[in-house]
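> next comes the sequence, and after it the predicted model I'd like to discuss.
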Amino acid sequence: MMPVRTITLGLLVSLFVAAPSRASMMPPMEDTGDRVGGVTVITRLEAERLPEGRHDFYFRAGWRNTGAPIHVPVVVVRGAKDGKTLLLTAAVHGDELNGIAVLHRLLEKLDPKTLSGTVVAVPGLNQPGINANNRRFPVSAGGGSLVDLNRNFPGSVGESGSTSGRYLGALWQGLIRQNADFAVDIHTQTRGAAYPLFVFADFGNSTARAAAHTLGPDMIKNDAGQQGTLETSLMKEGIPAVTLEVGAPKQFQGELIDRAVWGLQNLMRAHRMVPGSVEQPPVKAIVGSNYTNVYADRGGIAVLHVGLKDAVKKGQDVATLYDAFGHEIRTYTAPHDGWVLAVATDPVREAGSMLVRILQ
């Protein structure tokens, strides 16, 4: 007869503690088995469980209408020491390219041996938009449409979601949500317009407010957020996030890119992810809580009388619109005191297009 083993409470506890959890037994990423140029394709990531070093992946976020997968580049730098996880995203709008260069340059500077925590960088979230040379996410079904991804986070899960909703849902569930203790989403102004180095931040969150100043921008808008943006969706999950605007679209602007890289390094110093003390930003940020757009009321050729960051007074001339023959149509004035936050860079303006944006 087999001897009967007595199971004591202490033995039960020791067995429970010794047994690995189901989560710990799972790999840190879901490997599809596919490789693109030798790079592993994944559909799930737990960056903090990766070994020390740099890891390049493609995240399969969806499928094209041809059946080909959509691969989003992801870079993880896992530090030698424990610490926070910083999520960095760029090109949620497909023509806003400065952020891609910002992430590439920052990643070059990171040394896993001196890094505490983890950096998860997504240098080109809207791959279909980048490929289409368009701000928006192109959808072929139903005759075709263009979707603003940054009004549709966190996307959808399951069979009922739209094409763009499923794309965002896959990224949110498999990559974004579980790989961020705090985040910076990098953008630029839209086509035909430009920002300085500028931050949207909700000052109701102290971490976001501190991050806005630490990044060293020219201007900051205290902003409660907008439904469907990546920043606001993260904040609703309790993850402090800000939106960093870096100049103009469809170009690399070296000076602004360098300043944005400096700002991210400064932010990482503030969170003790890299060695060194937090540095004083080279410029004192102009802070406001509202802005007003001055719009063209008809089409024409616009000549601006102000530039980015200029202080303006109510009633001051900010732009003049001319017709095709060079005759003056009208001059536009500032509706209130403030500072020039954005300007039109394309002189040819349609009715309803922005000429100047003024922060107050």
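That came through fine.
> measure Leu125 to Asp202 for me?
According to CB to CB, to the nearest Å, Leu125 stands 21 Å off from Asp202. In this view, the C-beta of every residue, glycine as well, is placed from N, C-alpha and C.
> out of those two, which sits in the more crowded spot?
Per other CB atoms under 10 Å, whichever of Leu125 and Asp202 has more neighbours is Leu125, with 31 against 20.
> SS state for that one?
At Leu125, secondary structure determined by DSSP: H, G, I helix; E, B strand; the rest coil is coil.
> use 18 as the first number from now on
All right, first residue 18 from here; so that's Leu142.
> residues near Asp275, how many?
Counted with other CB under 10 Å, residues neighbouring Asp275 total 13.
> quick one, grab the pLDDT at it.
Looking at Asp275, its pLDDT is 98.
> contacts only, for the nearest residue to it once chain neighbours are set aside.
Spatial nearest neighbour of Asp275, chain neighbours left out: Arg122 (7.7 Å); criterion: CB to CB, 6 or more residues apart in numbering. Going by CB atoms under 8 Å, 6 or more residues apart in numbering, Arg122 touches 274-275, 278.
> also Leu103?
Contacts of Leu103 by CB under 8 Å, 6+ apart are 134-137, 197-201, 284-285, 288, 290.
> can you give me the end-to-end span of stretch 364-371?
Length of stretch 364-371, first residue to last, CA to CA, to the nearest Å: 11 Å.
> same deal with stretch 358-375?
Stretch 358-375 end-to-end distance (CA to CA) = 5 Å.
> is the residue nearest the centre of the chain in a bridge, and if so with what?
Centroid-nearest residue in the chain: Asp202, 1.8 Å away (criterion: CA atoms, centre = their mean). Beta-bridge pairing for Asp202 (DSSP bridges): Thr106, Thr260.
> which one's the longest helix in this structure?
helix 271-287 (DSSP state H).
> what are the buried residues along it?
Buried residues in helix 271-287, defined by neighbour count with 16 or more other CB atoms under 10 Å: 273-274, 276-287.
> domain parsing for the protein?
43-303, 307-376 (automatic domain parsing).
> report the contact partners of the nearest residue to Ala108 once chain neighbours are set aside.
Closest residue to Ala108 apart from its sequence neighbours, by CB to CB, 6+ apart: Gly141 at 4.7 Å. Gly141 is in contact with 89-90, 107-108, 117, 147, counting by CB under 8 Å, 6+ apart.
> from Asn150, how far off is Gly141?
13 Å.
> swap in Gln206?
Noted for Gln206: a distance of 17 Å to Asn150, by CB to CB.
> between the two, who's got more neighbours?
Comparing Gln206 with Asn150 by other CB under 10 Å, the one with more neighbours is Gln206, at 24 against 9.
> for the more buried one, what is the enclosing helix or strand?
Following DSSP states H and E, one finds Gln206 outside all helices and strands.
> my guess is it contacts Glu262. True?
Yes. Between Gln206 and Glu262 there is a contact under CB atoms under 8 Å: 6.8 Å.
> now do the shared contacts for the two.
The contact lists of Gln206 and Glu262 share Tyr212, where a contact means CB under 8 Å, 6+ apart.
> comparing the domains of the chain, which comes out most buried?
domain 43-303 (a mean of 19; mean count of other CB atoms under 10 Å).
> endpoints of it, how far apart?
Start-to-end span of domain 43-303 (CA to CA) is 48 Å.
> what does stretch 144-157 give?
Stretch 144-157 has an end-to-end distance of 15 Å (criterion: CA to CA).
> with stretch 234-241 instead?
18 Å.
> contacts for stretch 218-229?
With contacts defined as CB under 8 Å, 6+ apart, stretch 218-229 is touched by 199, 201, 216, 237-242, 252, 257-260, 284, 287, 302.
> of these, which belong to helices?
Those of the contacts of stretch 218-229 lying in helices (DSSP H): 252, 284, 287.
> which pLDDT value does the model give the second one?
Right, the one you point to is Leu284. For Leu284, the model assigns a pLDDT of 98.
> just the first one next, same as before
As summarised for this prediction, Met252 has a pLDDT of 98.
> pretty sure it contacts Ala258?
Yes. Between Met252 and Ala258 there is a contact under CB under 8 Å: 5.6 Å.
> the helix or strand hosting Tyr75 pairs with which strands, parallel or anti?
Secondary structure from DSSP H and E places Tyr75 in strand 70-80. If you go by DSSP bridges, strand 70-80 pairs up with strand 56-62 (parallel), strand 86-95 (antiparallel).
> what does stretch 236-244 rub up against?
With contact meaning CB under 8 Å, 6+ apart, stretch 236-244 is reached by 168, 213-221, 226, 229-230, 248-249, 252, 302-306, 308, 326, 356, 358, 376.
> start to end distance for that stretch?
End-to-end distance for stretch 236-244, by CA to CA: 22 Å.
> what mean pLDDT does it have?
pLDDT averaged over stretch 236-244 gives 97.
> got it, and stretch 359-369?
The average pLDDT for stretch 359-369 rounds to 98.
> sec struct for Val109, please.
Of the three states, Val109 takes coil according to three-state DSSP.
> my guess is it contacts Asp165, does it?
No. With contact defined as CB under 8 Å, Val109 does not reach Asp165; the gap is 9.1 Å.
> and of the contacts of Leu103, the nearest to Arg347?
Val201 (40.1 Å; CB to CB).
> residue boundaries of the strands in the stretch 218-367 of the chain?
236-239, 258-263, 303-305, 308-312, 317-321, 328-329, 334-339, 345-350, 355-361, 365-366 (DSSP state E, counting those that start in this stretch).
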